[in-house]
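Enquirer: I need the structure of the sequence given here:
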Amino acid sequence: MLKKHQDAFGRGIYDYYHGEHVDEVIERDDGYIDVSDGPVSYLAKFEDWPQHQQRAIRHSKGRVLDIGCGGGRHSLYLQNQGMDVLGIDNSPFALKTCQERGLKKSKLMDITQITKKLGTFDTIVMMGNNFGLFTNPKRAKWLLRKFRNMTSPDAYIIAETMDIYQTEAKHHLDYQAWNRKRGRMSGQVKIRVRYLNYCTPWLDYLMVSKPELETILEGTGWKAKKYINGKSGIYCMILEKEA
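Expert: Okay, the predicted model is just below:
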């Protein structure tokens, strides 16, 4: 779990929720930095979500596990729709924000700690580009197999990612080439989040094209049922179990 001084992501969400101005800085391991939309999007109401996210979340059903729930926007929306939702995150401040906003069930844990002990789910949500939490193709396959064994027969995984090849920016293309040279997937980025004097540890974050996704799904027991495209290469996937 993130220690207090490492919880830049969650602290930014918490401060923004309490009326503070927040600049969330994303730093990549090649030195590239950017300021994200941050808590503005993490706390957005359903009507302010991009259309592809609105369409994707409507596939949710039954008991829901929201992985990387952040400020709780997806969990709270589904809870308000009458679903039984458990939100998990490794950020203490993010979960504190969720609880203050009214999320009934939350748990401080990392994606790798998910087990059958949490029960059986009908939907697993990994929105907000949270397919990236798989970090690399090997871990993605391992976790997808684990998720298959803790979900109902007609369960869905609703996840969001980005096709990083849909760019012409030289600094991104150079980074993709550097990744391939290091034996990594083009979209396997190493980043950390900074806010004020908080800084997360470096973490791998996986973004994939649709053909790459199909390769990762092989042998996991999951297949793509539907793709919902957004802007700038972002898309949602609805995954269902193979027969």
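Enquirer: how about the helices in the protein?
Expert: 8-17, 39-42, 51-57, 73-80, 92-101, 137-148, 170-181, 210-217 (DSSP state H).
Enquirer: Let me know which of these is tucked in deepest.
Expert: Highest mean neighbour count among those (mean count of other Cβ atoms under 10 Å): helix 8-17, with a mean of 25. Where C-beta positions appear, they are placed from N, C-alpha and C, glycine not excepted.
Enquirer: mind checking how far residue 47 is from residue 221?
Expert: As judged by Cβ to Cβ, to the nearest Å, residue 47 and residue 221 stand 35 Å apart.
Enquirer: of those two, who's got more company?
Expert: Set residue 47 next to residue 221 and count neighbours by other Cβ atoms under 10 Å: residue 221 wins out with 15 against 6.
Enquirer: Would you agree the more buried one is in contact with residue 240?
Expert: No - judged on Cβ atoms under 8 Å, residue 221 makes no contact with residue 240 at a distance of 10.0 Å.
Enquirer: For the chain, which element, helix or strand, carries the lowest mean pLDDT?
Expert: Within the chain, no helix or strand scores below helix 39-42, which has a mean of 92 by mean pLDDT, DSSP states H and E.
Enquirer: Name all residues that make contact with the most centrally placed residue in the chain.
Expert: Closest residue to the average C-alpha location of the chain: residue 130 at 1.3 Å, with Cα atoms, centre = their mean. Residue 130 is in contact with 67-68, 159-160, counting by Cβ atoms under 8 Å, 6 or more residues apart in numbering.
Enquirer: Longest strand in this structure, please.
Expert: strand 151-162 (DSSP state E).
Enquirer: hang on, residue 173 packs against residue 164?
Expert: No - with contact defined as Cβ under 8 Å, residue 173 does not count as touching residue 164 (9.4 Å).
Enquirer: what is in contact with these two at once?
Expert: Counting by Cβ under 8 Å, 6+ apart, residue 173 and residue 164 have no common neighbour.
Enquirer: okay, now residue 199: neighbour count?
Expert: Applying other Cβ under 10 Å, we find 16 residues neighbouring residue 199.
Enquirer: Next: the one 10 residues further on.
Expert: Each residue near residue 209 was counted by other Cβ under 10 Å, and the total is 19.
Enquirer: ok, and the closest non-adjacent residue to it?
Expert: Spatial nearest neighbour of residue 209, excluding adjacent residues (Cβ to Cβ, 6 or more residues apart in numbering): residue 163 at 4.4 Å.
Enquirer: count of neighbours near that neighbour?
Expert: So residue 163, with other Cβ under 10 Å, has 19 neighbours.
Enquirer: Please apply the same query to residue 201.
Expert: Neighbours of residue 201 (other Cβ under 10 Å): 9.
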